[in-house]
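> how does the following fold in three dimensions:
(chains A and B)
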2 protein chains.
Amino acid sequence: MNNLNTLKKSNKAIKWLSKATSNDWLQLALAHPLEVLVDHAHCERKAAGAALQLMFRYLCEPGLSEVLSPLAREELEHFEKVLRLIKSRGLYLKPLPAPPYGTILSKQIRRDEPGRMLDSFLVAGLIEARSHERMVLLAEHSPDNELRKLYSELLISEARHFSLYWKLCLERYARPLIINRLEHLASVEAAILSDMHPEPRMHS
Amino acid sequence: MNNLNTLKKSNKAIKWLSKATSNDWLQLALAHPLEVLVDHAHCERKAAGAALQLMFRYLCEPGLSEVLSPLAREELEHFEKVLRLIKSRGLYLKPLPAPPYGTILSKQIRRDEPGRMLDSFLVAGLIEARSHERMVLLAEHSPDNELRKLYSELLISEARHFSLYWKLCLERYARPLIINRLEHLASVEAAILSDMHPEPRMHS
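Below you'll find the predicted structure:
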């Protein structure tokens, strides 16, 4: 957990992540800004779908819908905002083959409770944290004013999302258990990204 | 279509519906206000899920996400509002076996395009129209001030939802084709409700 703890101090998002994004990814993303933008629209609507899927699965768990429903709404607002920008550039949503990131991470979720719920929160939080970390990079380094502004605006609320998943874990599980599991999942997450997917995606 | 046309003039919601809700349903619902309220919370989150499901299926269809994403957000806002009232009464969400209404209606959706999309919009619109019609009844007849206020408030935006589905149809299909298909689906919808489900539900 040393690596995680060190990173935790440097960046709010990085508390979840065991390894920072490579410069190679940033260069790939900056070279294909509109493809990454369309992919980001897909990420926002998938994040909304994932929050609702969790809410539907654990509907009778007190305190969960109260968090996940507003979170899903906020992801949808972001989706609409990104879609407006895509359209203003004369483009529209198009299907983009997804990198293996989400599928491999989701396979780490244990099938039985209570592990399933904890892993679901942690995987969702990890994806949010990685998105946030990369949006920070795009907001800082994109040469396109409008894209820099978009990512900067989205960041403000996105930063809360992984904190919400963290809080959902803390309310239900012992901290050492969460940290131990997060350490495992964060190392898997970093390993997936270390073998960088060739297509320009938020999670290449 | 005579029946539909006559009803169309009397009530905005009823333009979709071939038969008005029976007094038997109203009496059943008024006798079990909190069970109907919990069921209504489920209806709101299911309506959000259905809108997102449609959006995900037809993601690259221009003009669709722009309507369905805000609609899903509004359904989730309503879900949260109903949940707050449920909690204020010392209750929480509980699983309620659903009446056969949604399942039977969904089975009417043709499997092939372009019929599948048209039927999906019409079935979603019919469910919204019936919910709206019944919420009007509850807003008028409930002896509980707080419930009357809740249903009245929700109605204001709910009334737009079936109009949105109608507009999505009109933008993509010839009016006679839509009317013809709606007449069939509306008659099936009324037939399902004429054999009233014994449990107190929004769609008994």
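
> show me what from chain A comes close to chain B.
Proximity of chain A to chain B is confined to A:45, A:48-49, A:52, A:55-56, A:59-60, A:62, A:65-66, A:69-70, A:72-73, A:76-77, A:79-80, A:83, A:92-95 under the rule CB under 8 Å from any CB of the partner chain. C-beta coordinates here come from the backbone N, C-alpha and C atoms, glycine included.

> quick one: the strands in chain A?
Taking DSSP state E to define them, one finds no strands in chain A.

> could you dump stretch A:103-117 to PDB, C-alpha only?
Provided in PDB are the C-alpha atoms of stretch A:103-117 (Å, rounded to 0.1, in the frame of the first residue of the first chain):
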ATOM      1  CA  THR A 103     -14.500  -5.800 -19.100                       C
ATOM      2  CA  ILE A 104     -11.300  -7.000 -17.400                       C
ATOM      3  CA  LEU A 105     -11.900  -4.900 -14.300                       C
ATOM      4  CA  SER A 106     -15.500  -6.100 -14.000                       C
ATOM      5  CA  LYS A 107     -14.300  -9.700 -14.100                       C
ATOM      6  CA  GLN A 108     -12.500  -9.000 -10.800                       C
ATOM      7  CA  ILE A 109     -15.800  -8.500  -9.100                       C
ATOM      8  CA  ARG A 110     -16.500 -11.500  -6.800                       C
ATOM      9  CA  ARG A 111     -19.700 -13.300  -7.400                       C
ATOM     10  CA  ASP A 112     -20.900 -13.700  -3.900                       C
ATOM     11  CA  GLU A 113     -22.000 -11.200  -1.300                       C
ATOM     12  CA  PRO A 114     -20.700  -9.300   0.600                       C
ATOM     13  CA  GLY A 115     -17.600  -9.300  -1.600                       C
ATOM     14  CA  ARG A 116     -19.700  -8.500  -4.700                       C
ATOM     15  CA  MET A 117     -21.000  -5.200  -3.400                       C
END
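
> point to the residue nearest the middle of chain A.
In chain A, the residue lying closest to the centroid (CA atoms, centre = their mean) is A:Glu128, at 2.3 Å.

> shouldn't that residue be in contact with A:Arg160?
No: using CB atoms under 8 Å, A:Glu128 makes no contact with A:Arg160, being 9.2 Å away.

> burial of A:Cys60, as a residue count?
For A:Cys60, the tally of surrounding residues (other CB atoms under 10 Å in any protein chain shown) stands at 10.

> where does chain A have low pLDDT?
A:1-14 (pLDDT under 70).

> quickly note the distance from the residue of chain A positioned farthest from its centre to chain B.
Distance from the centre of chain A peaks at A:Gly90, with 26.8 Å (CA atoms, centre = their mean). The gap separating A:Gly90 from chain B is 12 Å, by CB to the nearest CB, to the nearest Å.
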